Each structure stands twice: as C-alpha cells, then as structure tokens.
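> Sharing a sequence plus its predicted fold:
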Amino acid sequence: MQTSPDGYRFEGQTVAVEAGEPWWVHYVIELSRSWFTRRALVSVRSSLAVRAIILESDGDGHWLIDGRRQPYLDGCVDVDLESSAVTNTFPVHRLALETGQATDAPAAFVRAVDLSVERLEQRYERLPDDGPGQRYAYLAPRFDADFVLPYDASGLITDYPGLARRAH
C-alpha cells in the first residue's frame, strides 16, 4: 500500500490454478482518503486469454468499465477481486463500524479467469475484537459465504476461510 495526500494505492498480483488452468492476475487499485474505490486496473494472463480492464467509480456508486457506464453496478462503492482477499479490507476501513453494527456493502466483483464484472451483494457486521485486531461476520449469499474475517491491528485481513491466509 502506498499513501499520498489524495488517497491510497494498492498494487499486487496473485497466481493460482483452477480446474487445471493456471492464471496470473495483476492489479492496481486507487482509493480516496475515505477508502472509496476510484479506479482499478486489473489484468489476467492464462492459456485462455491475456486481458485487462479498467474500472472507474465516481465515489457515489456509479461505474465505468473500459469507459462505458455500467448501471447494474449502481450503489456499489467497492471493488472486490476474486483473486485477492486484500479488497475485503476496503469496506472495513470505509465503514468504520462499531461493535454490533452491520451494513450491506455491495461491490463490483471481478472474476479472476476472464475479468467479467458482476454485482456482489455482501454484508459486514463488526464483532467484538480479538486482541489488537478486529473481526467481522461476512455474508455473501451468492457464494454461500457466511464466516468470520479477522483483521490485524492495521486493518488488513489475515484469514479468508478456504481462500487465503496471510503468510508471516
């Protein structure tokens, strides 16, 4: 993560094999100081394709993908990458929920293999802290995801059950 007076910049990459098909995703995500997604450049390389897309948000829930307006994403303020658990950090910082509070946080969800973009309904509920880190109940009905996400003291996710675990 890089910080500037205008906001935050996350850059990373992930590599995986699904159904025998290897893929590599690279991303650069720019956020405002209030943790609203402004822009995401996502690229994928696999034996099926080499592709890149640009998602841009006005911060009020309106999106462009490669310069074209996408009304089906209206109301989404976050980008969520299938290939990276780091994007679950963005709504946690932006929402700043108190223990016991919950809210919906729909996101523009980017698939890893083909970079298709879907609307993902998700919900976060702040649970009592576990030591210096926060915990959130996370719900995404489309994927039958209903589990607890732990975060470290700086607000970065440490374990996404069944998908990712931060290495120390």
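Great, that's in hand.

> Identify the residues contacting the closest residue to Arg45 other than its chain neighbours.
Closest residue to Arg45 in three dimensions, ignoring its sequence neighbours and counting by Cβ to Cβ, 6 or more residues apart in numbering: Trp24, at 4.7 Å. In short, each C-beta sits where N, CA and C put it, glycine included. Each residue near Trp24 by Cβ atoms under 8 Å, 6 or more residues apart in numbering is listed here: Gln13, Thr14, Val15, Val44, Arg45, Ser46.

> Any chance of the backbone angles for Asn88?
Note on Asn88: its backbone torsions stand at phi -80, psi -10 [degrees, to the nearest 10].

> how far away is the residue nearest to it when sequence neighbours are not counted from Pro22?
Sequence neighbours aside, Ile157 is the residue nearest to Asn88 in space, at 5.2 Å (criterion: Cβ to Cβ, 6+ apart). Distance from Ile157 to Pro22, counting by Cβ to Cβ, to the nearest Å: 24 Å.

> For those two, indicate the residue with more neighbours.
Ile157 (23 against 11; other Cβ atoms under 10 Å).

> Could you tell me which residues make contact with the more buried one?
Contacts of Ile157 by Cβ under 8 Å, 6+ apart are Ala85, Val86, Asn88, Thr89, Val92, Leu149, Pro150, Tyr151, Ala164, Arg166.
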